[in-house]
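In: Structure of the sequence below:
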Amino acid sequence: MLLPPALSDTIIALSTPPGAGAIAVIRLSGPEAFALTDGLFRGKNLAGQPSHTLHYGTLREADGRILDEVVVSLFRGPNSYTREDVVEISCHGSDYIVQQVLAAFTRRGARFAEAGEFTKRAFLHGAFDLAQAEAVADLIAADSALSHQVAMQQMRGGFSRELRDLRARLVQFAALLELELDFGEEDVEFADRTGLVALLEEVQALVRRLLHSFELGNVIKNGVITVIAGRPNAGKSTLLNALLNEDRAIVSAVAGTTRDLIEDEVSIEGIRFRFVDTAGLRETTDEVESIGVERTRQRVRQAALLLYLFDLTTNTPGNVQAEIEALNPGGQIPMLAVGNKRDVASEAQLQAFSTQPNTLLIAANPGEGLEELRADLLARARGNGLDQTGAATIVTNLRHARSLEKTNAALDAVLMGLATGVGTELVAADLRQALAALGEITGEISSDDLLTSIFTQFCIGK
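Out: Predicted coordinates:
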């Protein structure tokens, strides 16, 4: 864990989104936050006021010119977000007023905050660990009930507690191995090898469970990538527009209208689906269209779910099955066949497809069968564990997943070393690597480059 450096400057930033609004909130943090605000505030002496109080007054320049009427919130460190003295100024949400207030403070010595610097200071002052800090950004970006739930659990320390428990169990044995190295010449064993193997296997099982959860976590964070594929004029763009309830894609009777991927998101009962409309699948001599077809095939390989849309009135079950097999050989990607234009299909055509497994019949243009389609999508998502996360820890961060992969590889090396009887120093070295990889997640082991990479992804005012 990095020790907090001497953070002697006071930083300032707009914490609400830029643009005109009813109210804007400007945040200061640092040792001079109260003094700088007192230099502009007229109403009462803020330095003498208790923490966690609100004060109404005006901000004025030295010549008496009023910048705005404001409400000032005071938070004395260490009982604040950053663990420093923090002032939050609620002013009117005019861009002009905001810029005037920011300029007045910077002229008096405040520095504009870097991206994520408030949260970085909170981390450096020990308010929370690195995994919890990253969850702050995830919580701000959460746009579904599930992503909110997972981010909130991580921010409140659920994931960190699990990692600390894993690390503490490994540290005990690592200490005994290090002790053996200190008494290497006396050929003694302080660590029971049988017990160590059992512990390592148990810890590794937990690490692998967390790694496996990343597949689910990635879907929660980025949405269920649902690719709509099929031949030209099957109604893919019409279906996309119907699911989104807006005219997102161009619909035309001319085959090959869609040349590139069109993506958009919709939340269905708290689960986010990212629908991808694709170019119609066919052999073509048109160079642009052929590029679109190839992109379709690439996107299908990345899909979490494939909706294969076909025209009921121009296909047979055998043709559809052959096309699906060519696009998704072996059924590697979860797939639902969706027959379109049921409103104009004959009874014989409806009967031919109604008995086909994993097939749903709709009419995208009038919107028939869309509720059944949404219900099917939800059932598939929930069947994969979505919205049933409960208290389980879900890994949603790629950096965390990579650290867990390094932990798993290091534990493999430790177990191999114990099985083959390699020297204690080699086993201890591999165990130290496992501990270091776990420590990277929470920030117990970190570097300036890592912190810069993480916090620059935050918004400025956070």
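In: burial count for His52?
Out: Using other C-beta atoms under 10 Å as the criterion, His52 is surrounded by 11 other residues. Every residue, glycine included, has its C-beta placed from N, CA and C.
In: same deal with the one 4 residues further on?
Out: Here the number of neighbours of Tyr56 (other C-beta under 10 Å) works out to 11.
In: Now do the buried residues in the helix or strand it falls within.
Out: Taking DSSP states H and E as the criterion, the element that holds Tyr56 is strand 53-60. For strand 53-60, a neighbour-count test (16 or more other C-beta atoms under 10 Å) marks 55, 59-60 as buried.
In: what's the answer for stretch 442-462, then?
Out: Under the neighbour-count criterion of 16+ other C-beta under 10 Å, stretch 442-462 has 442-446, 451, 454-455, 458-459, 461-462 buried.
In: quick revisit: could you please name the strands the strand holding Tyr56 pairs with and the direction of each pair?
Out: strand 41-42 (antiparallel), strand 66-75 (antiparallel) (DSSP bridges).
In: tell me the mean pLDDT over the shortest one?
Out: Rounded to a whole number, the mean pLDDT of strand 41-42 is 95.
In: Equivalent analysis for stretch 16-35, please.
Out: Model confidence over stretch 16-35 averages 93 on the pLDDT scale.
In: Can you check the distance spanned by that stretch, start to finish?
Out: One end of stretch 16-35 sits 23 Å from the other (C-alpha to C-alpha, to the nearest Å).
In: Any chance you could list what contacts that stretch?
Out: Residues outside stretch 16-35 that contact it (C-beta atoms under 8 Å, 6 or more residues apart in numbering): 7-15, 36-37, 46-47, 74, 80-82, 84-95, 97-98, 101-102, 105, 109-110, 113, 118, 121, 461.
In: Show the buried residues in the residues you listed.
Out: Buried subset of the contacts of stretch 16-35 (neighbour count, 16+ other C-beta under 10 Å): 7, 10-15, 36-37, 46, 74, 80-82, 84-93, 97-98, 101-102, 105, 110, 113, 118, 121, 461.
In: Narrow those to those in helices?
Out: Of these, the ones assigned to helices by DSSP state H are 36-37, 97-98, 101-102, 105, 118, 121.
In: Looking at the residues you listed, spot the one nearest Ala326.
Out: Comparing those against Ala326 with C-beta to C-beta places Phe118 closest, at 53.3 Å.
In: Would you agree that closest one is in contact with Thr10?
Out: No - counting by C-beta atoms under 8 Å, no contact exists between Phe118 and Thr10, whose distance comes to 11.7 Å.
In: check contacts around the closest residue to Pro366 other than its chain neighbours.
Out: In space, Pro366 comes closest to Asp343 once its chain neighbours are excluded; the distance is 5.8 Å by C-beta to C-beta, 6 or more residues apart in numbering. Asp343 sits next to 363, 365-366, 368 when contact means C-beta under 8 Å, 6+ apart.
In: Pick the one among these closest to Ala151.
Out: For Ala151, the closest of these turns out to be Glu368, at 37.4 Å, with distances computed as C-beta to C-beta.
In: now the strand holding Tyr56: mean pLDDT?
Out: Here the average pLDDT along strand 53-60 is 96.
In: Stretch 197-210 now?
Out: Over the span of stretch 197-210, the pLDDT mean works out to 89.
In: Now find how far off-centre that stretch is within its chain.
Out: Its chain's C-alpha centre lies 25 Å from the corresponding centre of stretch 197-210 when counted by C-alpha atoms, centre = their mean, to the nearest Å.
In: What residues sit buried inside it?
Out: When neighbours are counted by 16+ other C-beta under 10 Å, the buried residues of stretch 197-210 are found to be 199-200, 203-204, 206-207, 210.
In: again, but for stretch 133-151
Out: 133-139, 142, 144, 146-151.
In: Just the ones of these in helices?
Out: Counting by DSSP H, the members of these that fall within helices are 133-139, 146-151.
In: What is the nearest of those residues to Gln433?
Out: Relative to Gln433, the closest of these is Glu134; by C-beta to C-beta it sits at 22.4 Å.
In: And that closest one, how far from Ala363?
Out: According to C-beta to C-beta, to the nearest Å, Glu134 and Ala363 sit 45 Å apart.
In: Please apply the same query to Phe214.
Out: Between Phe214 and Ala363 the distance is 39 Å, computed by C-beta to C-beta.
In: from the contacts of Asp343, which two are the most distant?
Out: Maximum pairwise distance in the contacts of Asp343, criterion C-beta to C-beta, is 8.7 Å, between Asn365 and Glu368.
In: who touches Ile12 in this structure?
Out: 26-28, 102, 105-106, 110-113.
In: switch to 7 Å and redo it
Out: Under the criterion of C-beta atoms under 7 Å, 6 or more residues apart in numbering, the contact list for Ile12 reads 26-28, 102, 105-106, 110, 112-113.
In: just for the stretch 251-400 of the chain, where's the confidence low?
Out: Within the stretch 251-400 of the chain, the stretches falling below the threshold (pLDDT under 70) are 251-260, 281-290, 293, 384-392.
In: residue ranges for the helices of it, please.
Out: 287-301, 317-327, 347-354, 370-383, 398-420 (DSSP state H, counting those that start in this stretch).
In: The strands paired with strand 53-60 into a markdown table, with extra columns for distance to Ile271?
Out: As requested, the strands paired with strand 53-60 are exported to a markdown table (distance: least, C-beta to C-beta, whole Å):
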| stretch | distance to Ile271 |
| --- | --- |
| strand 41-42 | 47 |
| strand 66-75 | 36 |
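In: right, so these: which one is the most enclosed?
Out: Scoring the strands paired with strand 53-60 by mean neighbour count under mean count of other C-beta atoms under 10 Å gives strand 66-75 as the most buried, with a mean of 18.
In: Show the contacting residues for Gln132.
Out: By C-beta under 7 Å, 6+ apart, the residues touching Gln132 are 154-155, 157, 160.
In: any idea which of the residues you listed is the one closest to Leu305?
Out: The shortest gap between Leu305 and any of the contacts of Gln132 belongs to Gln154, at 25.6 Å (C-beta to C-beta).
In: For the closest one, give me its contacts.
Out: Contact analysis of Gln154 by C-beta under 7 Å, 6+ apart lists 131-132, 135, 138.
In: try 6 Å
Out: With contact taken as C-beta atoms under 6 Å, 6 or more residues apart in numbering, Gln154 is in contact with Ala135.
In: Averaged pLDDT, the host helix or strand of it. What do you get?
Out: Gln154 belongs to helix 145-155 when assigned by DSSP H and E. Over the span of helix 145-155, the pLDDT mean works out to 78.
In: same check, this time on stretch 451-462
Out: Stretch 451-462 shows a mean pLDDT of 77.
In: try stretch 66-75
Out: Mean predicted lDDT for stretch 66-75 stands at 96.
In: what does that stretch contact?
Out: By C-beta under 6 Å, 6+ apart, the list of residues contacting stretch 66-75 from outside reads 49, 51, 53-56, 58-60, 86, 88-92, 97, 100-101.
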